[in-house]
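1. here's my sequence, what's the structure:
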Amino acid sequence: MSEGELLNRYVDAWWSSVQDLLALLEELGPDDWARPTDLAGWDVKAVASHTAHLESLLAGGPDEQADVGPADHITGPMGQFTEIGVLTRRDHEPAAIIAEIRERTGERKAALDAEPPADPDAPAPGIFGMIGWSTRTLLRNRPLDVWMHEQDVRRAVGRPGGLDSPGAWHTADYLSEGFGYVVGKRVAPPAGTTAVLAVDGSDPVAVEIGEDGRARRLGEVPAEPTVGLRMDRESFIVLAGGRRPAAEGAVTISGDQELGGRILDRLATTP
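-> Presented below is the predicted three-dimensional model:
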């Protein structure tokens, strides 16, 4: 697959995720928009507002400003930035937020169709390029972000689903790439340790700790790794996404139970 084809696959996964999110938001009742999500300080409306903000920026919308005061859920510059879209849409009706997401993503998709991305290393547009993101990083991140927020809304309003979509596949595979970092850097077990992550619907990820303390990906899954973690896709997403603990009994640890517990405790790789 060429680099251009891979970039366009990311675009397709993003677009599919946007349509799924819009369809879900259209189903919600008035009370649903105020329901709290797993993201501290954010209800369903905040999640939708944040999505509208980012998609507006990507489509060439205006740079928005807001007085972001101190709050327990805002812990750094990125949190301050993501809060802007929530504050600037605080008085917007849900229908207006849905319409904005639909309009802005439509504009962005039309632009990407007219001039398909071809250079993965080109700077991303606007503020995303200013923080050092490439076109590859941006396009790979967008389906993850949109699909994760669809799932945030689904859990908040009790409407499970969407776990077998292009966005779901993309996100699960993307987040599983961080497994080696979690094991090698955060948990740091002894050299020679092997660990396997098996998420339903995705290829297993096997890593081994080298003498330098780094985890390297193995081409084959060892028959008896030091530790193995098996779970369904939703359990992996809530853990790796830093949302909430997995449901009781949803994760199976084989081999070193203590090591498996430490890996689970540090599995979150995205806020």
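2. where along the stretch 1-150 of the chain do the helices fall?
-> In the stretch 1-150 of the chain, the helices defined using DSSP state H, counting those that start in this stretch lie at 3-27, 44-58, 77-88, 94-114, 126-130, 135-157.
3. name the stretch among the ones you listed that sits most buried.
-> Comparing those by mean neighbour count (mean count of other C-beta atoms under 10 Å), helix 44-58 ranks first with a mean of 24. For the C-beta atoms, the positions are set from N, CA and C on the backbone; glycine is no exception.
4. give me the angle between it and helix 77-88.
-> On the basis of axes from the mean of the first three to the mean of the last three C-alpha atoms, to 10 degrees, helix 44-58 is oriented at 100 degrees to helix 77-88.
5. remind me which residues of this structure are low pLDDT?
-> 271 (pLDDT under 70).
6. how about the helices of the stretch 1-150 of the chain in a markdown table, adding distance to residue 207?
-> Output for the helices of the stretch 1-150 of the chain, formatted as a markdown table (distance: least, C-beta to C-beta, whole Å):
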| stretch | distance to residue 207 |
| --- | --- |
| helix 3-27 | 24 |
| helix 44-58 | 32 |
| helix 77-88 | 28 |
| helix 94-114 | 35 |
| helix 126-130 | 30 |
| helix 135-157 | 21 |
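7. out of the ones you listed, nearest to residue 189?
-> With C-beta to C-beta as the measure, helix 135-157 is the member of those nearest residue 189 (27.7 Å).
8. between the following helix or strand past that closest one and helix 135-157, how big is the angle?
-> Going down the chain from helix 135-157, the next helix or strand is helix 166-176, by DSSP states H and E. If you take the same axes, to 10 degrees, helix 166-176 sits at 110 degrees to helix 135-157.
9. who touches the helix or strand that helix 166-176 is followed by?
-> Beyond helix 166-176 on the C-terminal side, the first helix or strand identified by DSSP H and E is helix 179-181. Defining contact as C-beta atoms under 8 Å, 6 or more residues apart in numbering, one finds that helix 179-181 is touched by 195, 197, 205, 207, 215, 216, 217, 269.
10. does the second one belong to a helix, a strand or coil?
-> Okay, so that is residue 197. At residue 197 the chain is in strand, as set by DSSP: H, G, I helix; E, B strand; the rest coil.
11. mind listing what it touches?
-> Counting by C-beta under 8 Å, 6+ apart, residue 197 has contacts 176, 179, 204, 205, 206, 229, 236.
12. was I right about the fifth one contacting residue 215?
-> Meaning residue 206. No: taking contacts as C-beta atoms under 8 Å, residue 206 lies outside contact range of residue 215: 9.9 Å.
13. which one, of the helices of the stretch 1-150 of the chain, ends up nearest to residue 36?
-> Closest of the helices of the stretch 1-150 of the chain to residue 36 is helix 135-157, at 6.5 Å (criterion: C-beta to C-beta).
14. now, of the contacts of helix 179-181, which are buried?
-> The neighbour-count test (16 or more other C-beta atoms under 10 Å) applied to the contacts of helix 179-181 identifies 195, 197, 205, 207, 215, 269 as buried.
15. and which of those residues is nearest residue 2?
-> The nearest member of these to residue 2, counting by C-beta to C-beta, is residue 205 at 25.0 Å.
16. in this structure that closest one contacts residue 178, no?
-> No: with contacts counted by C-beta under 8 Å, residue 205 stays clear of residue 178, the gap being 9.4 Å.
17. show the contacting residues for residue 118.
-> Contacts here follow C-beta under 8 Å, 6+ apart; on that basis residue 118 touches 3, 4, 7.
18. equivalent analysis for residue 203, please.
-> Neighbours of residue 203 in contact, by C-beta under 8 Å, 6+ apart: residue 173.
19. please renumber the chain so that the first residue is 483 from this point on.
-> Happy to do that; since the first residue is 483 now, the last one works out to residue 685.
20. for it, helix, strand, or coil?
-> coil.
21. and it, how far from residue 699?
-> Per C-beta to C-beta, to the nearest Å, residue 685 is found 11 Å from residue 699.
22. spit out the contact partners of the residue nearest to residue 631 when sequence neighbours are not counted.
-> Sequence neighbours aside, residue 529 is the residue nearest to residue 631 in space, at 5.0 Å (criterion: C-beta to C-beta, 6 or more residues apart in numbering). Contact partners of residue 529, counting by C-beta under 8 Å, 6+ apart, are 519, 521, 631, 634, 635.
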